[in-house]
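Chemist: Predicted model, plus sequence, below.
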Amino acid sequence: METAIVLFTRDLRVRDNPALALACARARQVVPLFVVDPALKVPPNRARFLAESVAVLRGELRKRGGELVIRHGEPVAEVIRLAERTSGQAVFMAGDVSRYAALRQQRLERECARHRLALEITPGHAVVPPGELRPAGGSHYRIFTPYWRAWRAAAWRQPCLAPPAIRVPREVAPGDPLMMDAHFSRCLAPGGERAGRELLRAWLDGPLGGYGDGRDDLADPRTSRLSAYLRFGCISPIELARAALPRPGGEEFCRQLAWRDFFHQVTAAFPEIARTDYRAAPGSAARTWSTDEGALDAWRAGQTGIPVVDAAMRQLATEGFMHNRARMITASAA
């Protein structure tokens, strides 16, 4: 194959990126692409972390002779436009499970077929891909404990290496970097693969050992703080799980990674989960939501009068981070 497009979405890394590795193995030239989608409203903290992550990704690609092409617009249209400009023959992209991602993938499948482009959907967002584990007689696991047993017994794929060299067609303009949002939490963690891997190594070499005993302690938190790096794909979940599992505390930590995968497979099977009750009781009345804007504003500002809720919301405003157990508490108070 002469030329392939790699569409980055939330897999912003070069190490263990199956879509990038497969494209580089099959095509002489590869065009890495990130599309800023105006349909996705990005809050300030997320915008800042995303912009830094994309900038680091561009730097890692350039170290290997490549480039990250950045475009603004509807992602599928931008992929097709770039494929036409570069005479691309295939598109590679990591599969995803959100409702929006599933609809985007369906559009991409239709347009690639219409323009006679091969489309390769690869794993990468989960340790165990959503459709790989199925209970007898069901499309997906609805209860975590049996899922955890199947997850723990599954054969995980081997991580793939970062491509040593990437050749990009000369005629492609790279596009401008993402704008950095100026309004963000003052203690926000830096985005990108480099910072994520540094934090990962520090976590594995030290605090992980006390994770089982300390993960529920809000006053002395002993959690990884890797959630944002996993969310944007700055680090590989399979690399993290493989490195953590054999170490003290690794079994307990990998159980939390399995919870993440559990919800991936639930969302893949039930894409309306963000809007509709997943396990509503038969014959139950439709859920009603409060419309008290004042209560919502107080919750956002950490002024509910419930100390643990307010402390958690103020931590979120300051750091762009909230402890896992605090997330559950604040969500129940919303």
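Modeler: Done, it's in.
Chemist: what's the burial count for the spatially closest residue to residue 311 that is not a sequence neighbour?
Modeler: Spatial nearest neighbour of residue 311, excluding adjacent residues (Cβ to Cβ, 6 or more residues apart in numbering): residue 302 at 7.2 Å. For the C-beta atoms, the positions are set from N, CA and C on the backbone; glycine is no exception. Neighbours of residue 302 under the rule other Cβ atoms under 10 Å: 19.
Chemist: So residue 302 is in contact with residue 314, correct?
Modeler: Yes. Counting by Cβ atoms under 8 Å, residue 314 is a contact partner of residue 302 at 4.2 Å.
Chemist: and residue 120, that one's in a strand?
Modeler: Yes. Assessed with DSSP: H, G, I helix; E, B strand; the rest coil, residue 120 lies in a strand.
Chemist: wouldn't it be in contact with residue 94 here?
Modeler: No. With contact defined as Cβ under 8 Å, residue 120 does not count as touching residue 94 (10.0 Å).
Chemist: Please identify which of these two sits among more neighbours.
Modeler: Between residue 120 and residue 94, counted using other Cβ under 10 Å, residue 94 has the larger neighbour count: 22 against 17.
Chemist: Check what pLDDT the more buried one gets.
Modeler: Looking at residue 94, its pLDDT is 97.
Chemist: quick one: contacts for it?
Modeler: Residues in contact with residue 94 (Cβ atoms under 8 Å, 6 or more residues apart in numbering) are 9-11, 17-19, 121-125, 233.
Chemist: and it, backbone torsions?
Modeler: Dihedral pair for residue 94: phi -70, psi 140, per degrees, to the nearest 10.
Chemist: which residue packs closest to it, ignoring adjacent ones?
Modeler: Per Cβ to Cβ, 6+ apart, closest to residue 94 is residue 124, 4.0 Å.
Chemist: what's the burial count for residue 259?
Modeler: 15.
Chemist: Specify the residue ranges that define each domain of the chain.
Modeler: Under the assignment automatic domain parsing, the domains of the chain span 3-125, 126-158+192-273, 291-334.
Chemist: Identify whichever of those lies nearest to residue 283.
Modeler: Nearest to residue 283 among these is domain 126-158+192-273; the distance by Cβ to Cβ comes to 19.0 Å.
Chemist: That closest one: how far from the chain's middle?
Modeler: 12 Å (Cα atoms, centre = their mean, to the nearest Å).
Chemist: can you start the count at 59 instead of 1 from here on
Modeler: With the count now opening at 59, the last piece we talked about shows up as domain 184-216+250-331.
Chemist: returning to that earlier point: ok, the residue nearest to residue 152 - contacts?
Modeler: 69, 74-77, 152-153, 291, 294.
Chemist: Could you pull out the buried residues of stretch 200-211?
Modeler: If you call a residue buried by 16 or more other Cβ atoms under 10 Å, then stretch 200-211 has these buried ones: 200, 205-206, 208-209.
Chemist: re earlier: distance to residue 320, pLDDT and secondary structure added to the contacts of residue 152, as TSV?
Modeler: TSV is the format used below for those (distance: Cβ to Cβ, whole Å; pLDDT from 0 to 100; DSSP: H, G, I helix; E, B strand; the rest coil):
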residue	distance to residue 320	pLDDT	secondary structure
67	21	97	coil
68	18	95	coil
69	20	97	coil
75	23	98	coil
76	21	98	helix
77	23	98	helix
179	21	97	strand
180	21	97	strand
181	16	93	coil
182	17	83	coil
183	13	93	coil
291	19	98	coil
